[in-house]
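1. What follows is a predicted structure for the sequence shown.
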Amino acid sequence: MDRCENVYISGWGGFFGTTNGYSSAGTNGLPVTPNAFKSVTDGKDLYFFVLERNGASQLFGSFFGENNRPGEGCDHVDGGTSRFDRNGKIYQAICGNCRGLSVPPLPNFPTTVGSWATINNAVGGGECNLTMLKIDMDLSGVRAGVQSSINGVPRDTAGCVPLTVDFTDTIANAQSYEWNFGDGSPVVSTTIPSTSHVFTTVGTFTVMLIAIDPTTCNIRDTSYVRIRVGDLEATVDFAPVKLPPCTSFNYRFDNLSVAPPPRPFGPQSFIWDFGDGSPRITAGAAPVLHAYAAPGTYNVKLILQDTGYCNAPDSLMIPVSVAENVDAQFTTAPTGCIPYDAVFNNTSLAGQTFFWDFGDGNTSTATNPTHTYPTPGTYNVVLVAFNPNTCNLTDTARFTIQVFDAPTPDFSFSPVTPAPNTPTTFNNLSSPDAVSFKWDFGDGDTLLTTSRAPVQHQYNATGTFNACLTAYNAIGCPRTICREVRAEIIPLVDVPNAFTPLSGDINSVVMVKGFGIAKMQFIIWNRWGQKVFETNDRNTGWDGKVKGVVQPMDVYAYTLTVEFFDGVKTTKKGDITLIR
């Protein structure tokens, strides 16, 4: 019985014949519900049944098991293997896929993705698999299941003050939620199963979630999670040191972590993972030794496990390249635009310390530096990798970077003094190293082009517009110049009275013509009152087709409503002749 007093039944109604003492009644004829796992039985299945409180109705009924051939019987239960809990869950153990009780092919017992085994592992005659299942009927009323997480990582949470924690009800079957964070802050009510809270004081806090649904039998359910907030934060750090002889792969790992006073690190404060599949070891702050079996790159991880520090389980991972000889290597982009932030990815093998010469008089000893080149030029970058315990001690890598300046954009336009309803012509005067261009006319319209030819643009409203030209060189370095352009527009609108859709020229599409049109609705009708075209876009017209078919030569009616940029509205009606 669950907490809503619904009654749960789990049973087997198999048939093995009368000689072994099993019942021959089978599962035939038992009632199932529309949400059953298996609605039709072979008479030898498991059967699950839920009866509503006070016997009011059947809440659930389903068969479960493999499909046996006539004369076979395999699924069975030997007793004492059904368990239930008050949350409305059934736990069932079953003897299934028994070899020797049928000839191949054996029936398949139903399994779910991620099961420990999904195939029959019985090998001898009469042997059976232990099949296990858990069914959550979801009939026991509202439930709460609070889970905490930091930065998207779910766990019972510990951290450093101020600590932001996200909370989620993992069941999420309530209508509303009450969150009590246990730190004296006000209770928060939500209708969604999640919230966040910032803990601003040190301590251990019990967070309580109450999930509420007045329509269920229990109305409310409560769940708890503990949050530990501290202020002792340790700094995790370590350094790998290759040990002699140079042909070996022996390393000493120096723990450089720093503990805040007054609490020192203990003998089990850390876990080392050497990244080669060897067992992790627990250690204090002293150095540890490890021997690698073969060369390669291993991700070594130092994990702070001492919960006396609020940032546990903080960790640091360093890739360690193991080799007999140090081999200097790095990657970076070969070209860039000033100011160019070159990012260097150090891929050296067995390097312990490094020296960078960026080719412009600047140097660095960082492992993976970033360097800014403020002026154009060709720079020869040199990386020297050192390791006193390798056989060659040092190695050098070189790479050439070219840094380019952006081209100089420039343009003129005419007319400088606006003429009513006249398009503006833009002339591209950019430097010769510009190979592509972006025009932004300042009214929302843009144009990408590789041509230097003059560009015309018709503004659709009176005003001053910030027109910009961006010029790009061959590797995409951009530079932009902007100028103010004035336009004068007198609102006008008209519609041509004829067009030739098959001509393939400017007259093959009929569209609204005008100036200053901000909004419009243009509809065309045939002589029978059927709509053949409609648009709200002043740049879209009718090509004379309906569903891909050119319409017959005839006179068509149109209606047009327009609102200009200055708010003035007008309407027009008229005829259009389609000529074929």
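-> Nice, thanks for sending it over.
2. any weak-confidence spans in this protein?
-> Within the chain, the segments meeting pLDDT under 70 span 14-25, 69-74, 79-80, 99-107, 120-126, 153-156.
3. Using PDB, write out every CA atom in the helix or strand hosting residue 561.
-> Assigned by DSSP states H and E, residue 561 belongs to strand 554-564. The C-alpha coordinates for strand 554-564 follow below in PDB (Å, rounded to 0.1, in the frame of the first residue of the first chain):
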ATOM      1  CA  ASP A 554      -7.000  39.300 -68.300                       C
ATOM      2  CA  VAL A 555      -7.700  42.400 -66.200                       C
ATOM      3  CA  TYR A 556      -7.100  41.900 -62.500                       C
ATOM      4  CA  ALA A 557      -8.200  44.200 -59.700                       C
ATOM      5  CA  TYR A 558      -6.000  45.400 -56.800                       C
ATOM      6  CA  THR A 559      -6.300  47.000 -53.400                       C
ATOM      7  CA  LEU A 560      -3.500  48.900 -51.800                       C
ATOM      8  CA  THR A 561      -3.200  50.400 -48.300                       C
ATOM      9  CA  VAL A 562       0.000  52.400 -47.500                       C
ATOM     10  CA  GLU A 563       1.400  54.200 -44.400                       C
ATOM     11  CA  PHE A 564       4.300  56.500 -45.200                       C
END
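4. Pairing partners for it, with directions?
-> Here strand 554-564 is paired, per DSSP bridges, with strand 517-525 (antiparallel), strand 569-578 (antiparallel).
5. buried sites along the shortest one?
-> By that I understand strand 517-525. Of the residues in strand 517-525, 517-518, 520, 522, 524 count as buried by neighbour count, 16 or more other CB atoms under 10 Å. Every C-beta, even on glycine, is put in place using the N, C-alpha and C of the backbone.
6. Then the longest one?
-> By neighbour count on 16+ other CB under 10 Å, the buried set for strand 569-578 is 576, 578.
7. likewise stretch 447-464?
-> Quick answer for stretch 447-464 (16+ other CB under 10 Å): 455, 457, 459-462.
8. same question, stretch 147-164
-> Applying 16+ other CB under 10 Å to stretch 147-164 flags 147-149, 157-160, 163 as buried.
9. Let me see the residues that make contact with that stretch.
-> Outside stretch 147-164, the residues that touch it by CB atoms under 8 Å, 6 or more residues apart in numbering are 165-170, 196-202, 207, 225-231, 233, 307, 310-312.
10. Out of the residues you listed, which end up buried?
-> Buried, going by 16+ other CB under 10 Å: 165-169, 197, 199, 207, 225, 227-230, 233, 310-312, out of those.
11. Next secondary structure element downstream of the strand or helix carrying residue 49?
-> Per DSSP H and E, residue 49 falls inside strand 46-51. Downstream of strand 46-51, the next assigned helix or strand under DSSP H and E is strand 58-64.
12. Contacts made by the helix or strand following that next one with the rest, please.
-> The helix or strand immediately downstream of strand 58-64 is strand 82-85, counting by DSSP H and E. Applying CB under 8 Å, 6+ apart, the contact partners of strand 82-85 are 2, 8, 10-11, 90-93.
13. Neighbour count and secondary structure added to the residues you listed, as a markdown table?
-> Formatted as a markdown table, those follow (neighbours: other CB atoms under 10 Å; DSSP: H, G, I helix; E, B strand; the rest coil):
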| residue | neighbour count | secondary structure |
| --- | --- | --- |
| 2 | 21 | coil |
| 8 | 22 | strand |
| 10 | 18 | strand |
| 11 | 15 | strand |
| 90 | 21 | strand |
| 91 | 14 | strand |
| 92 | 20 | strand |
| 93 | 15 | strand |
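14. wait, which of these is closest to residue 360?
-> Taking CB to CB as the measure, residue 360 sits nearest to residue 91 out of the contacts of strand 82-85, at 70.3 Å.
15. and the closest one, what does it touch?
-> 82-85, 132-134.
16. same question, residue 214
-> By CB under 8 Å, 6+ apart, the neighbours of residue 214 are residue 175.
17. For residue 141, see how far away it is.
-> 11 Å (CB to CB, to the nearest Å).
18. rewinding a little: quick one: contacts of the strand holding residue 49?
-> Contacts for strand 46-51 (CB under 8 Å, 6+ apart): 6-13, 27, 30, 41, 57-65, 75, 77, 88, 90, 92, 94, 135, 137, 139.
19. Just the CA atoms of it, as CSV, please.
-> This file holds the C-alpha atoms of strand 46-51, laid out as CSV (Å, rounded to 0.1, in the frame of the first residue of the first chain):
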residue,chain,number,x,y,z
LEU,A,46,4.2,-11.4,-14.8
TYR,A,47,1.2,-9.2,-14.0
PHE,A,48,1.2,-5.9,-12.2
PHE,A,49,-2.0,-4.3,-10.8
VAL,A,50,-2.8,-1.2,-8.8
LEU,A,51,-6.2,-0.7,-7.1
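20. quick revisit: as a markdown table, the contacts of residue 91 with neighbour count and distance to residue 567 would be great.
-> Listed next are the contacts of residue 91 as a markdown table, based on neighbours: other CB atoms under 10 Å; distance: CB to CB, whole Å:
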| residue | neighbour count | distance to residue 567 |
| --- | --- | --- |
| 82 | 18 | 77 |
| 83 | 12 | 75 |
| 84 | 17 | 72 |
| 85 | 13 | 69 |
| 132 | 13 | 74 |
| 133 | 19 | 70 |
| 134 | 10 | 67 |
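21. wait, isn't residue 41 in contact with residue 61?
-> No - under the contact definition of CB atoms under 8 Å, residue 41 does not touch residue 61, with a separation of 11.0 Å.
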